[in-house]
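**Q** from the sequence below, what's the structure:
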Amino acid sequence: MAKRAKIILVDDDSLITESLTFVLSDEFDVISAPSRSAAKSLLQTIDIPPVIALVDLGLPPTPHLPQEGFQLIQELLAFNRRMKILVLSGQSERTNIQHALTLGAVDFVPKPCDADLLRSRLRHQLLILDAEQTKPTVDVTQNDLLLGQSPAMKTLRELVAQFADTPFPVLIEGESGCGKELVATCLHHQGDRSAEPFVTINCAAFTAELLEAQLFGHAKGAFTGADQQRVGFFEQAGSGTLFLDEVGEMPQALQTRFLRVLENGEFYRVGETTPRISKARIIAATNRDLRSAVSQGSFRQDLFHRLSVLTIPVPPLRARAQDWTVLFDHFQTVYRDTVAEFSLSSSAQKLIAEYTFPGNVRELRNIVIRLGAKYPNQQVGAAAIRAELEPQIETGRQDDVESSNEQFEQRLQDDGFSLEEELIATERKIISAALRVSNGNLSKAARLLDVNRTTLYSKVSRLGLAEKEE
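**A** A predicted model of the protein is given here:
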């Protein structure tokens, strides 16, 4: 009997949750949660994680806004970057759809949805997952996985080669979706530990107690449910490599114990008093600014300095010139047995070349998959590409007023143009910039924009943006 795929459904409407669970349970194992916090708690306690998520954008405590759903998409991908996230929501405005896809969702299904259509979309994502898991193994010792000929990628490959054999920790920094785990894989396989284990743990995927047990192992009876002893990841890695993804999410209570391992290799299993020695080389990755985390007191300064002696910055896709063309061909090859190939018109290529890809390589991959499903064996034009991109990103890189005017004149002739959506997108772009400049401080942002703080708060809430507490 084939193994049934597990799905997590996150929706605060119990009627929808119950009905979809009933409809899908003949084919999938469905677990559900009514909120973002409940979903995170559930994921941290189950043995077999879901491979697909169905997520509503309007979740408590602000079900009339998409902010919670947007945040959950990012957190689910931090938990498991291979998870396929489908948004199932009544908040199906074009800006919401495109922003969800930019964040890493693979599909958007408006409510109310047809059950057969939803099943079809889910089966399609399972095929995609299968293609990703069964694609041919690439010789990572030759850097073949680090695709691209841009100066940024050449520098990255040089750093990987330089640090591959070092016994010291390496910190990989970069935005979500840019390929940090891929860099860690290449570091391991190009080094002298390539024949040893390569063990990965995601620090964002566990509670503090479970993460401690996963890293260090535990004795029988160390805590409730510990009915037998367990070897931790430090021991599993042996003399190989232990890769800690999302290390910035490590709870502070564990940071001290982790620092001790980095300093002298010594650690204790939970519930034991006999010290053990780890010989593993540590590679860590983060999409957070750990320097800011140190200044805010959420990450130990001494741990940061110990981790960051050797640092590899992974460039975002927007800094990689024409590398998107190489990656585009690569993804067409990877998914050719699942999604039909297609070509791009010259205007479509120009549009993609000007796009900033806030979702990085992951976003490009998802665009290739969606376009292949929508336009099999066809030439895709600019209008179809434009429908896949975030409007505020797309229109934010014009060289001068003349080119901007020409682009808007062309866009006015496209189907589905909406002045209201364009104004919302522009407003989102400007307010987001003000929040970044003010480091999320609402009062400072209001002064920059010359608006009343209360007015700005209302706009931030309506647009689903986030500000820091003051």
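
**Q** now do the strands in the stretch 101-250 of the chain.
**A** 107-110, 170-173, 198-202, 217-218, 230-231, 241-245 (DSSP state E, counting those that start in this stretch).

**Q** can I see the domain layout of the chain?
**A** 6-134, 140-315, 318-417, 421-463 (automatic domain parsing).

**Q** hmm, back to that, highest mean neighbour count out of the strands of the stretch 101-250 of the chain?
**A** Most buried of those by mean neighbour count (mean count of other Cβ atoms under 10 Å) is strand 241-245; its value is a mean of 25. For the C-beta atoms, the positions are set from N, CA and C on the backbone; glycine is no exception.

**Q** how about residues contacting the helix or strand that that strand is followed by?
**A** In the C-terminal direction, the helix or strand that comes right after strand 241-245 (DSSP states H and E) is helix 252-264. The contact list for helix 252-264 (Cβ atoms under 8 Å, 6 or more residues apart in numbering) reads 169, 208, 211-212, 215-216, 234, 250, 266-267, 278, 282, 298-300, 302-303, 306-307.

**Q** name the helices or strands packed onto the following helix or strand past helix 252-264?
**A** Going down the chain from helix 252-264, the next helix or strand is strand 266-267, by DSSP H and E. Contact here means 3 or more Cβ pairs under 8 Å, 6 or more residues apart in numbering; DSSP states H and E; on that basis strand 266-267 packs against helix 252-264, strand 276-277.

**Q** just the CA coordinates for the first one, please, in CSV.
**A** Same thing as helix 252-264. Output in CSV follows, covering the C-alpha atoms of helix 252-264 (Å, rounded to 0.1, in the frame of the first residue of the first chain):
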residue,chain,number,x,y,z
GLN,A,252,18.8,31.3,24.3
ALA,A,253,18.7,28.5,26.9
LEU,A,254,20.5,26.2,24.4
GLN,A,255,23.0,28.8,23.1
THR,A,256,25.2,28.4,26.2
ARG,A,257,25.4,24.6,25.7
PHE,A,258,26.0,25.0,22.0
LEU,A,259,28.8,27.4,22.7
ARG,A,260,30.5,24.9,25.0
VAL,A,261,30.5,22.3,22.1
LEU,A,262,32.1,24.8,19.8
GLU,A,263,34.8,25.7,22.3
ASN,A,264,35.9,22.3,23.5
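
**Q** got the angle between that helix and strand 241-245?
**A** Going by axes from the mean of the first three to the mean of the last three Cα atoms, to 10 degrees, helix 252-264 is angled at 150 degrees with respect to strand 241-245.

**Q** so how far is residue 385 from the residue lying closest to residue 343 once chain neighbours are set aside?
**A** In this structure, residue 343 finds its nearest non-sequential neighbour in residue 379, 4.9 Å apart by Cβ to Cβ, 6 or more residues apart in numbering. Counting by Cβ to Cβ, to the nearest Å, the gap from residue 379 to residue 385 is 11 Å.

**Q** apart from its chain neighbours, what residue comes closest to residue 248?
**A** Nearest one to residue 248, counting by Cβ to Cβ, 6+ apart, is residue 288 at 3.7 Å.

**Q** re the thing from before, just put the strands of the stretch 101-250 of the chain in a markdown table and tack on mean pLDDT and distance to residue 455.
**A** Shown next, in a markdown table, are the strands of the stretch 101-250 of the chain (pLDDT from 0 to 100; distance: least, Cβ to Cβ, whole Å):
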| stretch | mean pLDDT | distance to residue 455 |
| --- | --- | --- |
| strand 107-110 | 90 | 30 |
| strand 170-173 | 96 | 36 |
| strand 198-202 | 93 | 40 |
| strand 217-218 | 86 | 53 |
| strand 230-231 | 85 | 55 |
| strand 241-245 | 96 | 40 |
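
**Q** out of these, nearest to residue 343?
**A** With Cβ to Cβ, the closest approach to residue 343 among the strands of the stretch 101-250 of the chain belongs to strand 107-110: 22.7 Å.

**Q** what pairs with that closest one, parallel or antiparallel?
**A** strand 84-89 (parallel) (DSSP bridges).

**Q** and the partner strand, average pLDDT?
**A** Per-residue pLDDT over strand 84-89 has a mean of 92.

**Q** which parts of it are buried?
**A** 84, 85, 86, 87, 88, 89 (16 or more other Cβ atoms under 10 Å).

**Q** any idea how far that strand is from the middle of the chain?
**A** Centre-to-centre, strand 84-89 and its host chain are 14 Å apart (Cα atoms, centre = their mean, to the nearest Å).

**Q** send me it as CSV with only the CA atoms.
**A** The C-alpha coordinates for strand 84-89 follow below in CSV (Å, rounded to 0.1, in the frame of the first residue of the first chain):
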residue,chain,number,x,y,z
LYS,A,84,4.5,22.8,-0.7
ILE,A,85,2.2,25.6,0.5
LEU,A,86,-1.1,26.2,-1.1
VAL,A,87,-3.1,29.3,0.0
LEU,A,88,-6.8,28.6,0.4
SER,A,89,-8.4,31.9,1.0
